[in-house]
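Novice: Provided below for reference: sequence and predicted model.
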Amino acid sequence: MASMKSPSSSDVAARVLFRLSCVIALISGWPAEAADGILLAENGVARAVIVVQEDAPDSVQFAACELQHHVELVSGARLNIRNMPVEESGMAAILLGAHPAAMERGWSAADFAHDEFRIVSEDACIGILGHDYGGPPIHGYRNPWNPHEVYNPELKLGAFGDCGTLYGVYRFLETVCGVRWYMPGDLGVVARPRSTIEVASIDLRAVPDFEYRYRQGNRSFRSHRANTFKPPDTGRIYPDRRSQQSYKARFQNRRKYPDSC
């Protein structure tokens, strides 16, 4: 029987380096834990409050409810919604919209573009603010063939009007809490349960890539799932006129060339 040749020192070193590189590659793919971050929930207990002005735009009020609901869905902790930050040891604050407490920290959305938002943290405070429309409901037609309303009075949510803070909350829920929405309803919400949510230092500012969001299709905005329709259908503070011009041209062509339709 041939004797087995013992591996050289260079072979051993190569094997060790290979195994070490595999371990590093695996570790680098794991979600990073926040170091000295801001606790939103700890072992199922709320460690933060949501702060929103009493007279904030309806979309910001809705954003507070969405944040509260999904954080509870993930961690089991229900964050209280208040109008002013709480002076309590161990409690962080999540400021939504153009709150005076955010202004004091120099966080402002005054120069933001349509639906632009910012997520920023400092000390024991997180700010989620964006360009928000605070006027009366904007009514308009999705298209000439289906002139249904585009405002949900129950949710106080409309298809038209900037809602940067709401988009900021959804981005926060995605990146920090790991929530995903694959279809309308509770069945389409996917989130990995974890009793502790900790936020690392963050300063994110984002603006939509497109000037106007619109997806072809007729849907009633009066549904209780209206919030799932809003992301593809908004982006401006008024209905887009270019689509109306397109429909007008289509009608003119139909009258001029009836055999082609």
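Specialist: Structure received.

Novice: rest of the way, CA atoms for contacts and neighbours
Specialist: Fine.

Novice: what's near enough to touch Val207?
Specialist: Listed by CA atoms under 8 Å, 6 or more residues apart in numbering, the contact set of Val207 reads Ala113, His114, Asp115, Glu116, Phe117.

Novice: in strands, which of the residues you listed fall?
Specialist: Phe117 (DSSP state E).

Novice: select from the contacts of Val207 the one having the most neighbours.
Specialist: Phe117 (29 neighbours; other CA atoms under 10 Å).

Novice: picking up where we left off before, dump the contacts of Val207 to a markdown table, plus pLDDT and distance to Asn80.
Specialist: Shown next, in a markdown table, are those (pLDDT from 0 to 100; distance: CA to CA, whole Å):
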| residue | pLDDT | distance to Asn80 |
| --- | --- | --- |
| Ala113 | 88 | 30 |
| His114 | 86 | 29 |
| Asp115 | 89 | 26 |
| Glu116 | 92 | 26 |
| Phe117 | 95 | 23 |
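
Novice: ok, the contacts of Val207 vs Ala98, which is closest?
Specialist: Using CA to CA, Phe117 is the member of the contacts of Val207 that lies nearest Ala98, at 11.2 Å.

Novice: beta partners of the closest one?
Specialist: Gly130, Ala206 (DSSP bridges).

Novice: correct me, but it touches Tyr170?
Specialist: No: between Phe117 and Tyr170 there is no contact under CA atoms under 8 Å: 10.8 Å.

Novice: flag the shaky bits of the stretch 1-150 of the chain, pLDDT-wise.
Specialist: Residues of the stretch 1-150 of the chain meeting the criterion pLDDT under 70: 1-35, 88-89, 139-149.

Novice: which residue ranges form the helices in the chain?
Specialist: Assigned by DSSP state H, the helices in the chain fall at 9-28, 58-75, 100-104, 164-175, 226-233, 241-256.

Novice: picking that back up, let me have the contacts of Val207 in TSV, extended by distance to Asp123.
Specialist: Shown next, in TSV, are the contacts of Val207 (distance: CA to CA, whole Å):
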residue	distance to Asp123
Ala113	27
His114	29
Asp115	26
Glu116	24
Phe117	20
